[in-house]
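Asker: Below are the sequence and a predicted model for it; my questions follow.
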Amino acid sequence: IGGVSAGTRIDVWSSANGGASWRLHGSVANNPAVQFGDVMMRAIPGTRTIFCAFRELSNGQWRITVTRSDNDGDHWVYDSTVIGPVSRFVGAPYLFQRANGDLQVYYDSEPLAAQRGYPGHQWIAMQGRNGTTGPWTAYGVVAVAWDKRAGALNREGMPTVVQLGGDRLMAVVEGVEPFATGGARANVINAVQSW
């Protein structure tokens, strides 16, 4: 099962043959006043629950929203808003479930960088829940990836998180060279770890 942004809606597609073919399975969200994007789904092992996280843009304001299906993606309900509405960009949410069962969401965050004195930068933020329900306040707002060297530009985005063993996690993110080379900044891939 997977979600696809179609502008003002999010479609759900499913495959019964390992991805060889796909069929429309329904819709997570549909609102002509909202631009949806960066759709990501996470199934909770041993349950019929699937979470879908995505970014929204409406009236110049950004937010990260989470919906939930408790019947394998057949029907969807609003679950929560992780952040927003905010005027600075947030997007590319990535849902991850820790070995202890906590659900985490990692996302691109211009607000976090600006709040910490770096306007114009974009960091990766993480918020989590105790288990899979409740508020996204279990860890506060954690800054995951940014270059701490003086004068470095940080435009981190599109996080993916994996568990390396035990509670050791690695986040892989896109970025740009922190210092311009010949007036240009090449794209780079960065990885950070947490124990």
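Answerer: Thanks, I have the structure now.
Asker: Quick check: mean pLDDT of stretch 160-179?
Answerer: Mean pLDDT, stretch 160-179: 94.
Asker: Tell me the span between the first and last residue of it.
Answerer: 24 Å (CA to CA, to the nearest Å).
Asker: Could you list the residues in contact with it?
Answerer: Residues from elsewhere that reach stretch 160-179, judged by CB atoms under 8 Å, 6 or more residues apart in numbering: 94, 96, 98-100, 104, 106, 124, 144-145, 147, 149, 151-159, 185-195. For the C-beta atoms, the positions are set from N, CA and C on the backbone; glycine is no exception.
Asker: In the protein, where is pLDDT below threshold?
Answerer: Along the chain, no part satisfies pLDDT under 70.
Asker: Try it again at 80.
Answerer: Applying pLDDT under 80 to the chain picks out residues 183.
Asker: Pick out the residue nearest the middle of the protein.
Answerer: Nearest to the geometric centre of the chain sits residue 93, at 0.8 Å (CA atoms, centre = their mean).
Asker: Might one say that it is in contact with residue 54?
Answerer: Yes: the criterion here is CB atoms under 8 Å, and residue 93 meets it with residue 54 at 6.7 Å.
Asker: list residues touching both of the two?
Answerer: In contact with both residue 93 and residue 54: 38, 40, 64, using CB under 8 Å, 6+ apart.
Asker: Next, the contact list for the first one, please.
Answerer: So the one you mean is residue 38. By CB under 8 Å, 6+ apart, the residues touching residue 38 are 5, 54-55, 91-93.
Asker: Look up the closest residue to residue 70, ignoring the ones flanking it.
Answerer: Among residues not flanking residue 70 along the chain, residue 49 sits closest, at 5.3 Å (CB to CB, 6 or more residues apart in numbering).
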